[in-house]
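**Student:** need the 3D shape of this:
(one chain, ligands or ions: 1)
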Amino acid sequence: MLQVEKTTLPGVLLITPRRFGDSRGFFSESYNRSRMAEHGVTIDFVQDNHSLSVQPGTVRGLHFQAPPHAQDKLVRCGRGALFDVAVDIRKGSPTYGKWVGYELSFENGRQLLVPKGFLHGFVTRAPDTEIVYKCSDYYAPECDGAVRFDCPQIGIDWGFDVDSAALSDKDAKAPFFKDFDSPFVWEG
Ligand SMILES: Cc1cn([C@H]2C[C@H](O)[C@@H](COP(=O)(O)OP(=O)(O)O[C@H]3O[C@H](C)C(=O)[C@H](O)[C@H]3O)O2)c(=O)[nH]c1=O
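**Tutor:** Below is the predicted model:
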């Protein structure tokens, strides 16, 4: 019912729920707490987010919420396609500053679990792309933080011309990683 794959960043998981196809289309349990618990994921999500990005090449991120309102996120693509990225920003982590990225799309039905202590961001790869994601804490703008998506210090291969990115003012003004003091500490 659920395929769960580890990534090179411990804690970041690639999750693919089973789809039951028939002549009408398909059915899938996009989230099942008990099934996730069978794979060791026992996060209580409290808020669902949904955004639409009309232009391909729209970038949202790299974002985080700082403690005490840090968020785990379970991300999926409801329509279109996107390249979803997580970056480890836990000071002292063996994978500090390292990133992973995966294409999430309506077609592949894949989801990415992005734990607390990681930046999250994506670039859309199709028009009218919708992202839907569960968060383990509520929105806390006073804890909101961001890092430039195209930091050379992180070196994410976004797979497109980053100079053409559609960005919010907030994301355009975000600090580079070298100027960033992470509020997260690796707990081993
Ligand atoms: C995140 C959030 C935003 N808002 C309001 C605040 C703004 O007036 C408006 C747009 O917010 P923002 O420009 O921060 O939205 P995104 O650029 O899509 O940010 C999100 O995208 C990246 C990829 C993430 O992982 C985060 O969830 C989040 O930072 O929605 C809310 O009311 N509640 C919320 O939880």
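**Student:** residues making contact with the longest helix anywhere in the chain?
**Tutor:** Counting by DSSP state H, the longest helix found in the chain is helix 33-38. Where contact means C-beta atoms under 8 Å, 6 or more residues apart in numbering, the residues beyond helix 33-38 that reach it are 1, 2, 15, 29, 42, 43. C-beta: built from backbone N, CA, C; applies to glycine.
**Student:** who wins on neighbours among those?
**Tutor:** The most neighbours of any of these, using other C-beta atoms under 10 Å, belong to residue 15, which has 22 neighbours.
**Student:** re earlier: from the contacts of helix 33-38, pick the one nearest residue 68.
**Tutor:** If you rank the contacts of helix 33-38 by distance to residue 68 using C-beta to C-beta, residue 43 comes first, at 16.3 Å.
**Student:** which residues sit in contact with that closest one?
**Tutor:** Contacts for residue 43 (C-beta under 8 Å, 6+ apart) come out as 36, 72, 74, 136.
**Student:** these two touch, right, residue 180 and residue 154?
**Tutor:** No: counting by C-beta atoms under 8 Å, residue 154 is not a contact partner of residue 180; they are 10.0 Å apart.
**Student:** now the longest helix of the chain: average pLDDT?
**Tutor:** Averaging the model's pLDDT scores along helix 33-38 yields 97.
**Student:** same check, this time on stretch 9-22
**Tutor:** Here stretch 9-22 scores 98 as its mean pLDDT.
**Student:** mind checking the end-to-end distance for it?
**Tutor:** The first residue of stretch 9-22 is 36 Å away from its last residue (C-alpha to C-alpha, to the nearest Å).
**Student:** for it, buried residues please.
**Tutor:** For stretch 9-22, a neighbour-count test (16 or more other C-beta atoms under 10 Å) marks 9, 11, 12, 13, 14, 15, 17 as buried.
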